[in-house]
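Trainee: sequence isn't available, so here's the structure alone:
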């Protein structure tokens, strides 16, 4: 399959290579007509691959395998599939066939990756069924598909997809845990299509002033629309959807996922995580959370040894802690009998009535949950929160090398990917109070400079944390 003109796909390069060229001062990529969508889709795929990919990965319609670099460290093998006769730039595919007839046994891959291919297939449902066949039980699928985009690669451009159409197709193919995430709002879609139109005016060769002017103007439009989209993201106008889904069943032992859907702390891991910490450690955190939360009933998910719960109750909060480890619950009750601690293992539904909780705290917890368990938890948090109720999620960022090395952190987010998950669950994200990576040193000037750069650029790679303060919107609002 040719890759010329595929929306949001730069088949000849990877994000890592692009960043390297920009670091060397090259303006070639940022002056291309599709710089913006390439940037957004690459960053979204990087996060999704980190959260979902494992084991053997099949890249359907791989072209030159531009995303192979993003899978390193997450998968054991990257196998490309593309149609016979294609001559993509970059790496050649290992398998030559169509998406309808994959030359591989049943259940032979742990992950399927397919980017901007479905719209070029006459029978996308048939292709999804074939991907389902080769995916192992518990395996994950990562797809992208456009909603708004001009016709490209004629005559092999057949479809555009709404989120409801994608949900229908994946459901009919047998997938479960389907999460469909818009990658932009109106401004990115509008700006990107405007730039494509302007590039059509670059005629007459390099003697035409427009030949030189339009790439610069195009970059300025794309950069402005990127900022506008962050301020007002109207998701019904997205140019592209990111879809993740799973084949039902428990993954094999090589995937590293646990049957409970989470890492349950043992006495040893508790000691490593808490290291003799006392409840007073959480005093400032409790006060900060009280400022952002709402009065009423509070819930702490993943309460550990109950130190936060104890500190919060001593400060006057009516709070209940949920913890998957019976050991942790026992220690909390022994140390502070007034602690309202409950043994609860996700993904079982939260043991509370609908709209009964004012504020939920998820502090250093979500990174210990398998992706499907985390999504189930977010959906259930939405259920039990009252209208305008607050969800406080604080976790380490995927790009934090120290935290990423922790073996119990099986599902790490970036600020952007965490916001997408929250919005998919129905939440409104109000704030992202993140801390910077201290790449300029641990001195006060270095900290301030790193924080300023993080706030100025909003780059996930500069953030040490993935923190979000979200609310359940009221029906009136």
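Mentor: Thanks, I have it. Just so it is clear, the structure is predicted and the values come from calculations on it, not from any experiment.
Trainee: is residue 181 in a helix, a strand, or coil?
Mentor: strand (DSSP: H, G, I helix; E, B strand; the rest coil).
Trainee: can you tell me who it pairs with across the strands?
Mentor: Residue 181 has these beta-bridge partners by DSSP bridges: residue 242.
Trainee: with residue 436 instead?
Mentor: Counting by DSSP bridges, the residues bridging with residue 436 are residue 463.
Trainee: how many other residues sit next to it?
Mentor: 22 (other C-beta atoms under 10 Å). All C-beta spots, glycine's among them, are computed from the backbone N, C-alpha and C.
Trainee: ok, it - contacts?
Mentor: Contact analysis of residue 436 by C-beta atoms under 8 Å, 6 or more residues apart in numbering lists 447, 450, 451, 453, 454, 462, 463, 464.
Trainee: could you do residue 312 as well?
Mentor: Contacts for residue 312 (C-beta under 8 Å, 6+ apart) come out as 282, 286, 289, 298, 300, 319.
Trainee: which pLDDT value goes with it?
Mentor: For residue 312, the model assigns a pLDDT of 95.
Trainee: my guess is residue 59 contacts residue 117, does it?
Mentor: No - using C-beta atoms under 8 Å, residue 59 is not in contact with residue 117; the gap is 9.9 Å.
Trainee: and the contacts of residue 436, which are buried?
Mentor: Neighbour counting by 16 or more other C-beta atoms under 10 Å classes 450, 451, 453, 454, 462, 463, 464 among the contacts of residue 436 as buried.
Trainee: who touches the strand or helix carrying the second one?
Mentor: It stands for residue 451. Using DSSP states H and E, residue 451 maps to helix 444-457. Contacts to helix 444-457, defined as C-beta under 8 Å, 6+ apart, come from residues 434, 435, 436, 437, 438, 439, 440, 459, 462, 463.
Trainee: what helix or strand is the fifth one located in?
Mentor: Under the criterion of DSSP H and E, residue 438 resides outside all helices and strands.
Trainee: all strands of this protein, in order?
Mentor: For the chain, the strands defined by DSSP state E occupy 56-60, 77-82, 95-96, 109-115, 135-146, 176-182, 240-246, 297-301, 318-323, 341-343, 357-363, 385-394, 428-431, 468-471.
Trainee: helices or strands up against the last one?
Mentor: What it means is strand 468-471. Secondary-structure packing of strand 468-471 (3 or more C-beta pairs under 8 Å, 6 or more residues apart in numbering; DSSP states H and E): strand 385-394, helix 415-424, strand 428-431.
Trainee: enumerate every residue touching residue 349.
Mentor: Residue 349 neighbours (C-beta under 8 Å, 6+ apart): residue 380.
Trainee: now residue 276: how far from residue 307?
Mentor: Counting by C-beta to C-beta, to the nearest Å, the gap from residue 276 to residue 307 is 11 Å.
Trainee: so for those two, which residue has more residues nearby?
Mentor: Taking other C-beta under 10 Å, residue 276 and residue 307 do not tie; residue 307 has more neighbours (22 against 6).
Trainee: out of everything not next to it in sequence, what's closest to the more buried one?
Mentor: residue 279 (4.7 Å; C-beta to C-beta, 6 or more residues apart in numbering).
Trainee: of residue 59 and residue 117, who's got more company?
Mentor: Neighbours were counted for residue 59 and for residue 117 using other C-beta under 10 Å; residue 59 has more, 29 against 24.
Trainee: give me the beta-bridge partners of that one?
Mentor: For residue 59, the beta-bridge partners under DSSP bridges are residue 80, residue 113.
Trainee: spit out the contact partners of it.
Mentor: Contacts of residue 59 by C-beta under 8 Å, 6+ apart are 65, 67, 68, 78, 79, 80, 81, 93, 113, 114.
Trainee: which of those residues has the largest number of neighbours?
Mentor: Each of the contacts of residue 59 was scored for neighbours by other C-beta under 10 Å, and residue 113 scores highest at 32 neighbours.
Trainee: quick one: neighbours of the closest residue to residue 245 other than its chain neighbours, just the number.
Mentor: With sequence-adjacent residues excluded and distances taken as C-beta to C-beta, 6+ apart, residue 245 is closest to residue 175, at 3.9 Å. Burial measure for residue 175: 24 neighbouring residues, criterion other C-beta under 10 Å.
Trainee: hmm, residue 175 is touching residue 249, no?
Mentor: No - between residue 175 and residue 249 there is no contact under C-beta under 8 Å: 11.6 Å.
Trainee: what touches both of those two?
Mentor: In contact with both residue 175 and residue 249: no residue, using C-beta under 8 Å, 6+ apart.
Trainee: related to what we said a few turns ago, which one of the strands of the chain has the lowest average pLDDT?
Mentor: The lowest average pLDDT among the strands of the chain, as it happens, falls on strand 176-182, at a mean of 89.
Trainee: next one: that strand to chain centre, how far?
Mentor: With C-alpha atoms, centre = their mean, to the nearest Å as the basis, strand 176-182 stands 11 Å off its chain's centre.
Trainee: was I right to think residue 475 contacts residue 386?
Mentor: No - contact criterion C-beta under 8 Å: residue 475 and residue 386 do not qualify, at 11.6 Å.
Trainee: between these two, who's got more neighbours?
Mentor: residue 386 (17 against 5).
Trainee: now the more buried one: how far from residue 360?
Mentor: In terms of C-beta to C-beta, residue 386 sits 11 Å off from residue 360.
Trainee: sorry, back to before: closest one to residue 372 among the strands of the chain?
Mentor: strand 176-182 (4.7 Å; C-beta to C-beta).
Trainee: residue 356: neighbour count?
Mentor: Neighbours around residue 356, by other C-beta under 10 Å: 15.
Trainee: can you give me the end-to-end span of stretch 433-447?
Mentor: Terminal residues of stretch 433-447 are spaced 15 Å apart (C-alpha to C-alpha, to the nearest Å).
Trainee: mind listing what's buried along it?
Mentor: 434, 435, 436, 437.
Trainee: just stretch 195-206 next, same as before
Mentor: Neighbour-count burial for stretch 195-206 [16+ other C-beta under 10 Å]: 195, 196, 198, 202.
Trainee: can those go into JSON lines with extra columns for distance to residue 231?
Mentor: Output for the buried residues of stretch 195-206, formatted as JSON lines (distance: C-beta to C-beta, whole Å):
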{"residue": "195", "distance to residue 231": "19"}
{"residue": "196", "distance to residue 231": "23"}
{"residue": "198", "distance to residue 231": "23"}
{"residue": "202", "distance to residue 231": "30"}
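Trainee: tell me which of those is nearest to residue 341?
Mentor: residue 195 (55.6 Å).
Trainee: so that closest one is in contact with residue 224, correct?
Mentor: No - counting by C-beta under 8 Å, residue 195 stays clear of residue 224, with 10.9 Å between them.
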